[in-house]
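[1] pasted the sequence and its predicted model underneath.
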Amino acid sequence: MTRLTTLAVATAAVAAAVFTLVVLLTGSSATKRQRDQVSLDDGQSLRVARTRLGPILVNGHGHTLYLFLKDRHGKSTCYDGCARVWPPALASGAPRVGPGVAAEKLTTTRRTDHKRQLVYNGHPLYAMSADTRPGELEGQGFLGTWFVVSPAGRRIGEPGASAGEY
């Protein structure tokens, strides 16, 4: 590896470790509050919002929804520590879809804790615990594996690109 590549890899690893530490140290009450915001149990709809990245999927509270490239076949691979940073978008009833959301692309999958997670166009959906207000996009491109979701159900952005490039 070249010196520049080694430096870039080391910087990314340190940034990921610091980010994870900050999220874990914020305490369970913040995580629970974020999970409550992600849940669609309150009858809120999945809808489309306009952002600097273009139209994206958000939950009923306007919080950005993400997909994880490591998920396969509509099943989540994000549990434990991962799910504390990336809480799954959950639903106990039938979620409603807002304008621009294709109802036929919205399904659910059963998680290991038996809760139902929203799946859009085959991608389990998540929020990001660092997104504390509607419209925030802190998770976009994170580690080249987390991306916001277009109304068509595709990732916005390319793997390997950093969030700062958007």
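    Cool, got the structure.

[2] so which residues of the chain form helices?
    3-25, 28-38, 81-85 (DSSP state H).

[3] list the buried residues of stretch 80-88.
    With burial defined by 16 or more other CB atoms under 10 Å, the residues of stretch 80-88 counted as buried are 82, 83, 84, 85, 86, 87, 88. All C-beta atoms are positioned from the backbone trio N, CA, C, and that covers glycine.

[4] does the fifth one touch residue 66 like I think?
    Which is residue 86. Yes: with contact defined as CB atoms under 8 Å, residue 86 counts as touching residue 66 (6.9 Å).

[5] shared neighbours, those two?
    126, 127, 128, 139, 146 (CB atoms under 8 Å, 6 or more residues apart in numbering).

[6] and these, which two are furthest apart?
    Spanning the widest gap among the shared contacts of residue 86 and residue 66 are 127 and 146, at 10.8 Å by CB to CB.

[7] need the residues touching each of these two.
    66, 86.

[8] backbone dihedrals for the nearest residue to residue 122 once chain neighbours are set aside, please?
    Leaving out its chain neighbours, the residue that sits closest to residue 122 by CB to CB, 6 or more residues apart in numbering is residue 74, at 5.0 Å. Note on residue 74: its backbone torsions stand at phi 70, psi 10 [degrees, to the nearest 10].
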